[in-house]
Structure formats: C-alpha cells, structure tokens
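Quick one: sequence and predicted model below, then my questions.
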Amino acid sequence: MKEKFYQYIQELQDTITAGIENIDGHAQFKEDIWKRPEGGGGRTRVIENGEVFEKGGVNISGVHGKLPKAMQSYFNVGDVDFFACGLSLVLHPKNPMVPTVHANWRYFEMYDSDGPIVDSWFGGGQDLTPYYLFDEDAKHFHQVSKIACDKHNPEFYPLYKKKCDEYFYNAHRNEGRGVGGLFFDYCKKTEKMTMQNWYNFVTEVGNSFLEAYIPIVERRKEMDYSDLQKDWQEIRRGRYVEFNLVHDKGTLFGLKTNGRIESILMSLPPQVQWKYDHQPESGTEESRLLEILKNPIEWV
C-alpha cells in the first residue's frame, strides 16, 4: 500500500502544481529535493510573489526509520519502526478576497522488531480559511467535499465536517481557523472498510481538491481591495500562524521526527500582523466573519 499511495501523491503533486501555475499565470513553483538522514526524503515545491499567490507550497514526503521516543509516548507504543508519506499544501493568496486553503493526505505504518506491520492508517482533509466570507464560496467548497465523501459513505461528510470544525480550532481564541471542510485521521481497516476502501476514499478527496478551490479563486482574484482590507488579511493570517505553531499535529510530528524545517514551516504566510486586542467594528464584514468562526454553521 505504501508504494501505491506514494506513487499517487507524486502524480497528485504534479496535477495540483500545474493547476495553480495555470491560474496564477505568472509565477512557477521552485522545486527542492531533500533527504532525511534517518531515512527517506521529499520533494518540496514553493511558489512566491505571483500574480495571484503571494506564497504557497505543495509538498510530498516519504520518511522512515525508528520512531523517536517523543512520538512513541504520543502513539503509546514501544520501540518500533515507522513509515509515513503524504502530500501537504498551503496556498496564501495576494488578494484578501481570495481565501487561503490547506489540504493534506497521508498514510502511516508502524512495524515491530520482527518486521510485520503492527498498525497502519490513512488521514487527511481539506479546509478553507477566508478573510472576507462569501457564502457561495463556502457552500461550493463544502458541496464538492460532500460529493467526494458521498461516493463512499453518506455518513462521512457530516462526520468529517464536524471533526474539521473541532480540529482547526484556536482554543486560546475560542474561534475556528476558517470555515472548515473535511478532517479525518486514523482511518484503519474494519469489517466495513478495507485499506483499499480507505485508499479509494482518500484519493477521491485528493482528486476533488482543484474542483473545490479553483472556481473560488477565479471568482475573487480580480476583485478590488483597500489597504484596510489587506491589513485585516494579515491580522487573520496571524491566527493561522498561531494554530500551526500551537495546535497542529502535523507540524509537531515533523519537528519531533527531525523533518525538514523549511518544508514544515512552508505553511507560514510571508506578511503577518499582530495588533493588540484588535476588534472589528460591529456590523462589518470582518465582524460577521468572526461570528461564524465562533459558531460554525452547516454549509450544505
């Protein structure tokens, strides 16, 4: 399974980066091949200073070796080997009317000292972080995600939408990072779902990403915006940074397994602001966004 999924994410990386370059029309991804001393490596692709995207990355990795002590306690296991591979992307647009987007699809295996797999699972998802909320955009993103889920199980979308709202949540701010999407983890073999079934589901979601995001970019990338709206985007980007550095499990795993720092922190936006106790005026689009981030709603 690991060879099959790693081949898939290599192809998906090519598809997504080509789609992003096409809609940007100016910047191209810079590729960086890296190796991990303990085993494995990855292919990082970063786009910067484009017409549409201020910064973004679409990265794949496949790493293996002894599971570090810090992660052994996290997974409640002993001295085991591991293999992990995945594709992770974050795109930060220039125009504050275009939302930031994040997606991740991954596969994990653990082995005991004799070599057999003792555990394996899939995880991933895709979520949207707008700075100015257009309801039709959130509905579109969720509708595409729901269609992908429904092809495999009608219970998946409401379950993974709820998990997304719960996971991408800045508890110290009492607000969501964005308007959600899908989040699933520890998708293991059961009586109803084989690992092949999970592979089919995860790749369905991965294949839906461009359909979920590109039409939103097309609608918003040429919209006018003011300096104050750009300031608001950068203030909200600060919340994005807070989540990634304080709460995100993927960032923690990368740091604890001697991952490549440049690739792990690629998700951080280039321009960010923190203003002391900043509160938007009541009745504005900015305040409406905060209300919805504090009280997630059903988009479809």
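Here it is on my side, so go on.

Residue 144: neighbouring residues, count only.
Neighbours of residue 144 under the rule other C-beta atoms under 10 Å: 21. C-beta coordinates here come from the backbone N, C-alpha and C atoms, glycine included.

what about it, distance to residue 10?
23 Å (C-beta to C-beta, to the nearest Å).

Am I right that residue 200 sits in a helix?
Yes: assessed with DSSP: H, G, I helix; E, B strand; the rest coil, residue 200 lies in a helix.

Helix or strand: which one has the nearest residue to it once chain neighbours are set aside?
Closest residue to residue 200 apart from its sequence neighbours, by C-beta to C-beta, 6 or more residues apart in numbering: residue 152 at 6.8 Å. If you go by DSSP states H and E, residue 152 is not part of any helix or strand.

got it, and residue 240?
helix 227-246.

Need the mean per-residue confidence for that helix.
Per-region confidence: helix 227-246 scores 95 on mean pLDDT.

helix or strand right after that helix?
Per DSSP H and E, the first helix or strand lying C-terminal to helix 227-246 is helix 249-256.

List the buried residues of that next one.
By 16 or more other C-beta atoms under 10 Å, the buried positions in helix 249-256 come out as 250, 251, 252, 253, 254.

Would you mind confirming that the first one is in contact with residue 89?
By that I understand residue 250. No: in this structure residue 250 lies outside contact range of residue 89 using C-beta atoms under 8 Å: 11.7 Å.

anything in contact with each of these two?
residue 104 (C-beta atoms under 8 Å, 6 or more residues apart in numbering).

before we move on, back to that, list the buried residues for the helix holding residue 240?
Within helix 227-246, the residues that count as buried by 16+ other C-beta under 10 Å are 229-230, 232-237, 239-240, 242-244.

Of those residues, which pair is most distant in space?
Comparing all pairs in those by C-beta to C-beta, the longest separation belongs to 229 and 244, at 23.0 Å.

quick one on the thing from earlier: out of the buried residues of helix 249-256, which one sits closest to residue 41?
Of the buried residues of helix 249-256, the one sitting nearest to residue 41 (C-beta to C-beta) turns out to be residue 254, at 13.1 Å.

Give the closest residue to the closest one in space, chain neighbours not counted.
That would be residue 264: by C-beta to C-beta, 6+ apart, it lies 4.0 Å from residue 254.

what's the answer for residue 229, then?
With C-beta to C-beta, 6+ apart, the residue lying closest to residue 229 is residue 96, at 4.9 Å.

how deep is that neighbour tucked in, by neighbour count?
So residue 96, with other C-beta under 10 Å, has 23 neighbours.

picking that back up, for the buried residues of helix 227-246, give me JSON lines that also has distance to residue 1.
Below are these laid out as JSON lines (distance: C-beta to C-beta, whole Å):
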{"residue": "229", "distance to residue 1": "46"}
{"residue": "230", "distance to residue 1": "45"}
{"residue": "232", "distance to residue 1": "44"}
{"residue": "233", "distance to residue 1": "40"}
{"residue": "234", "distance to residue 1": "42"}
{"residue": "235", "distance to residue 1": "43"}
{"residue": "236", "distance to residue 1": "38"}
{"residue": "237", "distance to residue 1": "37"}
{"residue": "239", "distance to residue 1": "36"}
{"residue": "240", "distance to residue 1": "32"}
{"residue": "242", "distance to residue 1": "35"}
{"residue": "243", "distance to residue 1": "30"}
{"residue": "244", "distance to residue 1": "29"}
